[in-house]
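**Q** sequence and predicted structure are below.
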Amino acid sequence: MGFVREGCCYGRDPAGCVQGLLILIWVALLRALRHEAWRQSPHAVTRVDLEGGGRLRLITRNGQRSLGVLLPGSFVAPYGVILRYRLVSGGTVRYCVVARDATHPDCNRILRVLLRHPL
């Protein structure tokens with residue numbers, strides 16, 4: 001009547017399941033890079049404005065403006081910042097990488113201080 005579960009692949013070859021899983025991970029990574037990370041994408045974030053209370057204003061390459069909320073867990077280092085946020089309209093957690101040379105040195109310093117010591 002039903003499947004007999006043998007491991008994680010329901011009786012199939014485990015090597016085939018691993019290959020299928022790797023292909024799915026690869027496709028998800030390419031999709032995320034295309035939509036979020038590559039600056040040529042119309043969805044790439046080109047400007048981030050921090051407001052009080054952990055709110056963000058995001059402007060994408062195609063001119064779309066969005067509001068977001070900064071979440072705990074952002075990564076802060078001298079060479080760059082990874083902002084962890086969620087849009088106010090809902091959805092999944094997103095990330096925005098801000099390299100040190102992408103901003104003015106004073107702005108970068110202020111961003112790192114605000115993320116390490118929120119007001």
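**A** Ah, there it is.
**Q** got the contact list for the residue nearest the centre of the chain?
**A** For the chain, the residue nearest the mean C-alpha position is residue 95 (2.3 Å; CA atoms, centre = their mean). Residues in contact with residue 95 (CB atoms under 8 Å, 6 or more residues apart in numbering) are 36, 82-85. Any C-beta I mention is one placed from the backbone N, CA and C, and that applies to glycine too.
**Q** let's see it at 6 Å
**A** Shown in contact with residue 95 (CB atoms under 6 Å, 6 or more residues apart in numbering): 82, 84.
**Q** using PDB, list the CA coordinates for the helix or strand where it lies.
**A** Using DSSP states H and E, residue 95 sits in strand 94-99. Below are the C-alpha coordinates for strand 94-99, written out as PDB (Å, rounded to 0.1, in the frame of the first residue of the first chain):
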ATOM      1  CA  ARG A  94      17.000  38.400   3.300                       C
ATOM      2  CA  TYR A  95      20.700  39.400   3.400                       C
ATOM      3  CA  CYS A  96      22.500  42.400   2.000                       C
ATOM      4  CA  VAL A  97      26.300  42.500   1.800                       C
ATOM      5  CA  VAL A  98      27.900  46.000   2.200                       C
ATOM      6  CA  ALA A  99      31.600  45.900   1.400                       C
END
